[in-house]
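Peer 1: Got a predicted model here, sequence first, then my questions.
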Amino acid sequence: MNFQEYFNNKNLKKIPKQGLHYEQKTTPDLLWCVSLVILDITKNDRNLVFSDSEIRLSPLFDNLMQDYFSKPSQALAPGEYNKVSSYQLGLLSYAGILEKVSDRPKQYKITNLEALEYMSTNDLNASKFLTEYTEKFLNDNGLIVDFEKYKNNPTQANHLIAKDKYWLWAKINTKIRGTDRKHTYRVFNKMFNVYCYKHRIPGEDGSNITSGPCPYSFLIYNRKNFRDENMPSGMTRREYRESVLLDIDASGVVGAVLLQKVKADIKKKYNGISEIQEQEYNFTPEGGVHIHHMLPQHSNPEFVLFRENLIALTPGQHLSYAHIQGNTHRINAEFQKVCLKRKFENIKTSLKNGEDFYVLNKFIQVINSAFNLKLKETSSLDQIEPVFSNIYF
């Protein structure tokens, strides 16, 4: 979706003391989260009127906040969720993506389904919305001049000028009272860094400008540095960082974080040991593990978070057998069959033990794609078994 074109027809000039234009919790990953939840709670009726309460009561919202943002359950820590979703609803309404149909309580309905669907895909798409929204807002409210001055000459002095001008603007146009600038400066930080990220110029970190272009991590709510967590043994820090960065490029920070969690689940399930333990594939019990996508994520993004598409391998198996000459963009088709067969055996064992770790219909989707089959997703284990007979192996 072209958000620059969308905002050309919008007027974002602030009416003094009315509406929510930006907040310190305005971030791409929170916009992604709330967009996804809105689509979920309105899936049966896109004209449904909803409030922040419906968002907060959504099981999907609760799961996302726990799985991605690592927050405790709302029942245990309701304060952790304070205004997280309401700020996104206010901004989406201000931008014309939602319509606010009442003030007390604040209730909304969808006015631009295409935009919500685009943002709900991942945080990178939401960041495209936020960067264009930010620039348009700065233009319409007479703030762009000092931001452009900083862009053309990114010094600490010009940064402070833009910051002070925003404070003067906020005193007139927002509901702040008194002389305490802390909250206003936190809002400025979010807006300033979104602008800097778009233009690849130094951003603000701890009231000072950064030495290089503003990194994407400065924009997101979940800034926890996950890059070095759960780094597999046998993989260098450089290799691991490159792998994680590829995950980010493919599915945004949200997808990369969730993928690391799913990979950690597989690693824990098999106690850090390869699922392929035959000596003919150079199994070593204490060599650590890599978690491998049997159907690669660059060609099968729909399966990227499926546990049923992930298998634990030793580093040697991963780089020497699963991929051709260690090239992670090339899959060894014969070893892929070995992996899929072993995964089926492990899924079968898990299900027969009454575990809910795997979902059989997800594995059916994987093998339908791998072998160009048309198995029904309701197929039983016995109906899947013939797939792994000699006709395929």
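Peer 2: Cool, got the structure. Residues are numbered from 1 along each chain as shown.

Peer 1: CA atoms for contacts and neighbours, from now on please.
Peer 2: Will do.

Peer 1: residues in contact with stretch 79-95?
Peer 2: The contact list for stretch 79-95 (Cα atoms under 8 Å, 6 or more residues apart in numbering) reads 10, 12, 19-23, 25-26, 30-31, 34, 52, 55-56, 71-72, 74, 98-100, 108, 133.

Peer 1: what do you get if the cut-off is 7 Å, keeping everything else the same?
Peer 2: Residues from elsewhere that reach stretch 79-95 (Cα atoms under 7 Å, 6 or more residues apart in numbering): 19-23, 25-26, 31, 34, 52, 74, 98-100.

Peer 1: how about CSV for those residues, with neighbour count, pLDDT and distance to residue 181 added?
Peer 2: Output for the contacts of stretch 79-95, formatted as CSV (neighbours: other Cα atoms under 10 Å; pLDDT from 0 to 100; distance: Cα to Cα, whole Å):
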residue, neighbour count, pLDDT, distance to residue 181
19, 15, 72, 20
20, 19, 77, 18
21, 22, 85, 17
22, 20, 87, 15
23, 21, 88, 14
25, 21, 89, 17
26, 23, 90, 18
31, 30, 95, 25
34, 27, 94, 28
52, 22, 93, 28
74, 18, 79, 30
98, 21, 97, 30
99, 19, 96, 31
100, 21, 94, 29
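
Peer 1: quick check, nearest of those residues to residue 213?
Peer 2: Ranked by distance to residue 213 (Cα to Cα), the contacts of stretch 79-95 are led by residue 26 at 20.2 Å.

Peer 1: Residue 84 versus the closest one, what's the distance?
Peer 2: 9 Å (Cα to Cα, to the nearest Å).

Peer 1: The stretch 101-250 of the chain: strands as residue ranges?
Peer 2: In the stretch 101-250 of the chain, the segments counted as strands under DSSP state E, counting those that start in this stretch are 106-110, 202-205, 208-213.

Peer 1: Quick check: buried residues in the shortest one?
Peer 2: For strand 202-205, a neighbour-count test (16 or more other Cα atoms under 10 Å) marks 202-204 as buried.

Peer 1: same question for it, mean pLDDT?
Peer 2: The predicted model assigns strand 202-205 a mean pLDDT of 95.

Peer 1: Spit out the contact partners of the spatially closest residue to residue 140 that is not a sequence neighbour.
Peer 2: Excluding the flanking residues, the one nearest residue 140 by Cα to Cα, 6 or more residues apart in numbering is residue 13, at 5.0 Å. Residue 13 is in contact with 137, 140-141, counting by Cα under 7 Å, 6+ apart.

Peer 1: most surrounded residue in those residues?
Peer 2: Using other Cα atoms under 10 Å as the neighbour test, the contacts of residue 13 are led by residue 137, with 23 neighbours.

Peer 1: picking that back up, is it correct that the residue nearest to residue 140 falls within a strand?
Peer 2: No: counting by DSSP: H, G, I helix; E, B strand; the rest coil, residue 13 is not part of a strand but coil.

Peer 1: Report pLDDT for it.
Peer 2: 93.

Peer 1: now the one 4 residues further on
Peer 2: We note a pLDDT of 76 for residue 17 in this prediction.

Peer 1: so how far is residue 341 from the closest residue to residue 100 other than its chain neighbours?
Peer 2: Among residues not flanking residue 100 along the chain, residue 108 sits closest, at 4.4 Å (Cα to Cα, 6+ apart). As judged by Cα to Cα, residue 108 and residue 341 stand 49 Å apart.

Peer 1: Neighbour count: these two, which is higher?
Peer 2: residue 108 (22 against 18).

Peer 1: host element of residue 75?
Peer 2: Secondary structure assignment for residue 75, by DSSP states H and E: no helix or strand.

Peer 1: what's the burial count for the residue nearest to residue 144 when sequence neighbours are not counted?
Peer 2: What sits nearest to residue 144 in space, not counting adjacent residues and going by Cα to Cα, 6+ apart, is residue 138, at 4.9 Å. Residue 138: 21 surrounding residues under other Cα under 10 Å.

Peer 1: Likewise for residue 354?
Peer 2: Count around residue 354 with other Cα under 10 Å applied: 8.

Peer 1: That one and residue 273, how far apart?
Peer 2: 22 Å.

Peer 1: Redo the contacts of residue 13 as TSV? Include distance to residue 177 and pLDDT.
Peer 2: Below are these laid out as TSV (distance: Cα to Cα, whole Å; pLDDT from 0 to 100):
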residue	distance to residue 177	pLDDT
137	22	96
140	24	96
141	20	95
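
Peer 1: Report the secondary structure state of residue 93.
Peer 2: helix.

Peer 1: Can you tell me how far the nearest residue to residue 285 once chain neighbours are set aside is from residue 284?
Peer 2: Sequence neighbours aside, residue 273 is the residue nearest to residue 285 in space, at 6.3 Å (criterion: Cα to Cα, 6+ apart). Applying Cα to Cα, the value for residue 273 to residue 284 is 9 Å.

Peer 1: Please apply the same query to residue 90.
Peer 2: Distance, residue 90 to residue 284, by Cα to Cα: 55 Å.

Peer 1: who has more neighbours, those two?
Peer 2: Counted by other Cα under 10 Å, residue 90 and residue 284 do not tie: residue 90 has more neighbours, with 23 against 19.
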